[in-house]
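J.: Okay, here's the prediction I keep looking at, along with the sequence it came from:
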Amino acid sequence: MKERLRQLWQSRAPRERTILTVLAGIVIVALYAALMLSANRARPQLRASVLSLRADAARLDQLAGEVERLRAVRPPAASQTDLRTLIQAQAGSAGLASALVRIDAPEANRVQVVFGAVSFPDWLNWVVALNSQNIRLETCRIEALSKPGLVSVTATFVRAGRQ
């Protein structure tokens, strides 16, 4: 192949070889210029992208530090009182005791509660308060009542870490 190209080149007249060499040089310079122009056009967009990615990386580093800090924090100790008693007391302090129809404790760390007509926002706030004491909502059935904002609730709560 190399020999064939050399023969082709040698078969050309000296003037034709000069013209081909000059044309090849012009094509190479044009390609180089096109590549440089393309790179210069892309540079501002890439610079903005790099700045955005650096900001994202800094935010991720900050969030990673927050995750490590939160992992190091020990969760509050669960109350050792009877779960049924604790839930009943929390319902009373939240003002939901009047709506509490039934509370059963099939196991020491599992309690089922039934509310007749309770305000939905009040019930949600109560669940959040229980959650902060490591009492988790395991199952729940909520039915809307005819009066707006009131619901009937049957829920099962467990101590955190036990299912």
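T.: Now that the structure is in, tell me what you want to look at.

J.: pLDDT below threshold where in this structure?
T.: Low-confidence regions of the chain, defined by pLDDT under 70, span residues 74-81, 161-163.

J.: what's the single longest helix in it?
T.: Selection of the longest helix in the chain by residue count, based on DSSP state H, yields helix 14-72.

J.: how far does it sit from the chain's center?
T.: Mean-position distance between helix 14-72 and its chain equals 30 Å (CA atoms, centre = their mean, to the nearest Å).

J.: Need the residues that contact the helix or strand just after that helix.
T.: Tracing the chain past helix 14-72, the next element assigned as helix or strand by DSSP states H and E is helix 83-93. The set of residues that contact helix 83-93 without belonging to it, under CB atoms under 8 Å, 6 or more residues apart in numbering, is 79, 97, 100, 103, 105, 108-111, 113, 126, 129-130, 133, 135, 157, 159. Any C-beta I mention is one placed from the backbone N, CA and C, and that applies to glycine too.

J.: Could you list the buried residues of the very next helix or strand once past helix 83-93?
T.: Beyond helix 83-93 in the direction of the C-terminus, DSSP H and E gives the next helix or strand as strand 100-107. By neighbour count on 16 or more other CB atoms under 10 Å, the buried set for strand 100-107 is 100, 103, 105.

J.: Only alpha carbons, please: show strand 100-107 as CSV.
T.: The C-alpha trace of strand 100-107 is given here as CSV (Å, rounded to 0.1, in the frame of the first residue of the first chain):
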residue,chain,number,x,y,z
LEU,A,100,-61.3,7.7,70.9
VAL,A,101,-63.8,4.8,70.7
ARG,A,102,-61.6,1.9,71.4
ILE,A,103,-58.0,1.1,72.2
ASP,A,104,-56.7,-2.5,72.2
ALA,A,105,-53.3,-3.9,72.9
PRO,A,106,-53.0,-7.3,71.3
GLU,A,107,-49.2,-7.3,72.1
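
J.: Can you tell me the strand partners of the helix or strand that that strand is followed by and which way each runs?
T.: Downstream of strand 100-107, the first helix or strand assigned by DSSP H and E is strand 110-119. The strands beside strand 110-119 in its sheet (DSSP bridges) come out as strand 100-107 (antiparallel), strand 150-159 (antiparallel).
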